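Q: sequence and computational prediction follow.
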Amino acid sequence: MKIAVLGSTGLTGRLLVTQALARGHEVTALARDTDRLSDLATDALRAVRADVSEPSTVLAAVEGADVVVSGLGITKKQDPRVLIDGARLLASAAPRVVWLSSLGMGATEGALGRVNGALLKRILRHEWDAKGVAGQAIRDAAGTVVYAGPLTNRPYPGGGRLVPAEEFKPRLIPPAAPRAGIAALMLDEAEKPGFAAAAAIALFDRRP
């Protein structure tokens, strides 16, 4: 399978690249600075300079891909419209998209309860509306939006799964999500779609 990765130099995006390569896929990694991927050089990896602010570069990079997986995120210093522009670009150009978002936002608003939901909205107000619009754009294009709780760098021993957003019961404490596990679940969805045009929440079994 030919997989393109948006946000490939981020912590989660890099795991999407390495895990996709380990699964035997041909990977196109979109990055503003391709030198940051030089240590991953292999015949199966094509690092392409692409920037959401330059739509033509993204459109060219994802041409021919079977699916695009996105770990795109922003900092507080970045314009949140990057998320909207990125989602709309992929929705218009890619045959299928698996997009990462944050639990409690967009289609999962209310999943953390009223008090924690309000607190989350205050903390993430910079990107709140943009994530909702971006997620909707992906779902409208029959893509999958994967919602994750607080991301960690802990090892992933397995036991992760995606559940329909509408089946998730509100929790006061959001379930933590290992980045390696999120990457694995997103690639599972890329390989075998189960949540087309839908929102899915990543859950992980607790293990010692």
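A: Noted; the coordinates are in hand.

Q: alpha carbons only: can I get the helix or strand bottoming out on mean pLDDT in the chain in CSV?
A: Counting by mean pLDDT, DSSP states H and E, the chain has its least confident helix or strand at helix 114-123, which shows a mean of 84. Extracted C-alpha coordinates of helix 114-123, given in CSV (Å, rounded to 0.1, in the frame of the first residue of the first chain):
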residue,chain,number,x,y,z
ARG,A,114,-19.2,19.3,31.7
VAL,A,115,-16.6,20.6,34.1
ASN,A,116,-13.5,19.1,32.5
GLY,A,117,-14.9,19.8,29.0
ALA,A,118,-15.2,23.5,29.9
LEU,A,119,-11.7,23.4,31.3
LEU,A,120,-10.3,21.8,28.2
LYS,A,121,-12.0,24.3,26.0
ARG,A,122,-10.4,27.1,27.9
ILE,A,123,-6.9,25.5,27.8
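
Q: what's the following helix or strand after that helix?
A: Note on helix 114-123: by DSSP states H and E, the next helix or strand toward the C-terminus is helix 128-140.

Q: now do the buried residues in the least confident helix or strand of the chain.
A: 116-117, 120 (16 or more other Cβ atoms under 10 Å). No exception for glycine: its C-beta is placed from N, CA and C like everyone else's.

Q: between helix 128-140 and it, find me the angle.
A: 100 degrees (axes from the mean of the first three to the mean of the last three Cα atoms, to 10 degrees).

Q: what does helix 114-123 rub up against?
A: 104-105, 109-112, 128, 172, 174 (Cβ atoms under 8 Å, 6 or more residues apart in numbering).

Q: kindly indicate which of those residues lies nearest Ala142.
A: For the contacts of helix 114-123, the minimum distance to Ala142 (Cβ to Cβ) is 20.7 Å, reached by Met105.

Q: mark which of the contacts of helix 114-123 are part of strands, please.
A: Secondary structure from DSSP state E places none of the contacts of helix 114-123 in strands.

Q: format these as a markdown table; extra columns: neighbour count and distance to Ala134.
A: Below are those laid out as a markdown table (neighbours: other Cβ atoms under 10 Å; distance: Cβ to Cβ, whole Å):
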| residue | neighbour count | distance to Ala134 |
| --- | --- | --- |
| Gly104 | 24 | 15 |
| Met105 | 23 | 10 |
| Glu109 | 15 | 14 |
| Gly110 | 11 | 18 |
| Ala111 | 22 | 17 |
| Leu112 | 22 | 19 |
| Trp128 | 19 | 11 |
| Leu172 | 9 | 26 |
| Pro174 | 17 | 20 |
